[in-house]
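> Fold the following, please.
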Amino acid sequence: MTLKARSPYISLRTVRSALLVGLATTLGACANVHHIEVGAVPDDYRTNHPIIVSEQERTIDIPVASGDRRMTLGARSAVRGYANRYRDTASGAITILTPHGSINSNAASIIANDIRSELVAQGVPGGNIIVTGYQANTTGDAAPIRLSYYATAASTGECGRWPEDILANGNENKHYANFGCATQNNLAAQIADPMDLIAPRGSSPIDAERRGNAIRDYQADGAGL
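Modelled structure (predicted):
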C-alpha cells in the first residue's frame with residue numbers, strides 16, 4: 001500500500017480561520033477585562049450623595065432681653081424675612097415657642113404677641129399661627145423665642161464620612177466615600193423651589209410687546225447693513 005505524503009504547506013483558508021479565532025479570543029478577553037474594571041468602580045458621587053426632597057423643620061430664634069417691651073428693628077426684620085420664606089415654601093402651621101421659667105419669660109410673652117402681629121401683617125393666616133411654650137432654665141442667659149414650621153426642602157446627607165484609609169487604598173480605581181458631598185450640598189442649598197426637581201414649571205405667557213420691539217430692532221439693524 002502506498003502512503004501519500006502530507007503537504008508541508010498550510011492552506012490559506014486554514015491560516016485565515018486561525019487568525020479569526022485568535023482575534024475573537026483576544027477581543028473577548030479584552031471585553032471581559034473591561035467589564036471587570038467597570039464593575040469594580042462604585043457608583044459616582046450623584047448616587048453616593050443624592051439630592052432628595054423631604055420634609056424639614058425651619059426654625060429661627062429671636063433673642064429677647066428681660067427688659068424688652070417691644071420687638072427691636074433687627075428682630076422685626078428677621079421675622080419679616082422668615083414670613084416671606086414661609087409663604088414661598090409652606091402652608092401649614094407656624095409655631096411660636098416662648099420660654100417659661102426664665103428671667104425673660106414676662107418679656108417673651110409680650111414680644112410673642114408682637115411677632116404674631118407681624119406674621120399676620122406679612123400675609124401669614126392667623127389660623128396657622130400657634131403660640132405655645134417650652135420649659136427654659138431658671139438660671140443663665142435669657143432664653144429666645146423660637147419660630148418653627150415644616151416645609152419640603154432639597155438636601156443631601158451629612159458630609160465628612162471617611163470609612164477607610166485613602167492612603168492605604170490609594171491604588172484602587174475608585175473615588176472616595178466623601179467625594180462630591182460638598183458639591184451636592186452646595187447645589188441643594190441653591191435650589192429655591194424643590195418642586196423644580198420633581199417637574200418642570202409651566203411656560204409663562206408671551207410678552208407680545210417685548211417680542212414686537214425685538215423684531216423691529218432686528219429689522220432696523222438688518223436694514224442698515
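
> rest of the way, CA atoms for contacts and neighbours
OK.

> what distance separates the start and the end of stretch 147-162?
35 Å (CA to CA, to the nearest Å).

> Now that stretch: buried residues?
Buried residues in stretch 147-162, counting neighbours by 16 or more other CA atoms under 10 Å, are found at 147, 148, 149, 150, 151, 152, 153, 154, 155, 156.

> For these, please prepare TSV with the additional fields distance to residue 190 and secondary structure.
Converted to TSV, these look like this (distance: CA to CA, whole Å; DSSP: H, G, I helix; E, B strand; the rest coil):
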residue	distance to residue 190	secondary structure
147	23	strand
148	21	strand
149	20	strand
150	19	strand
151	16	strand
152	14	strand
153	11	strand
154	9	strand
155	10	strand
156	12	coil
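
> could you redo the residues you listed as CSV and give each row pLDDT and distance to residue 130?
Listed next are the buried residues of stretch 147-162 as CSV, based on pLDDT from 0 to 100; distance: CA to CA, whole Å:
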residue, pLDDT, distance to residue 130
147, 97, 10
148, 97, 10
149, 97, 10
150, 96, 13
151, 94, 16
152, 91, 20
153, 90, 22
154, 92, 26
155, 90, 27
156, 90, 30
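
> how about those in CSV, adding distance to residue 53?
Shown next, in CSV, are the buried residues of stretch 147-162 (distance: CA to CA, whole Å):
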residue, distance to residue 53
147, 22
148, 19
149, 16
150, 13
151, 10
152, 6
153, 5
154, 5
155, 7
156, 9
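
> So which of those residues is the closest to residue 57?
Minimum distance to residue 57 across the buried residues of stretch 147-162 is 4.5 Å, recorded for residue 150 (CA to CA).

> quick one, strands of the protein?
In the chain, the strands defined using DSSP state E lie at 52-62, 94-100, 129-135, 145-155.

> Now do the third one, average pLDDT.
This points to strand 129-135. Computed over strand 129-135, the mean pLDDT rounds to 95.

> Neighbouring strands of that strand in the sheet, and parallel or not?
Taking DSSP bridges as the criterion, strand 129-135 sits next to strand 94-100 (parallel) in its sheet.

> which residues in this structure form helices?
Residue ranges of the helices in the chain, as given by DSSP state H, are 12-40, 45-48, 73-89, 105-121, 181-189, 208-223.
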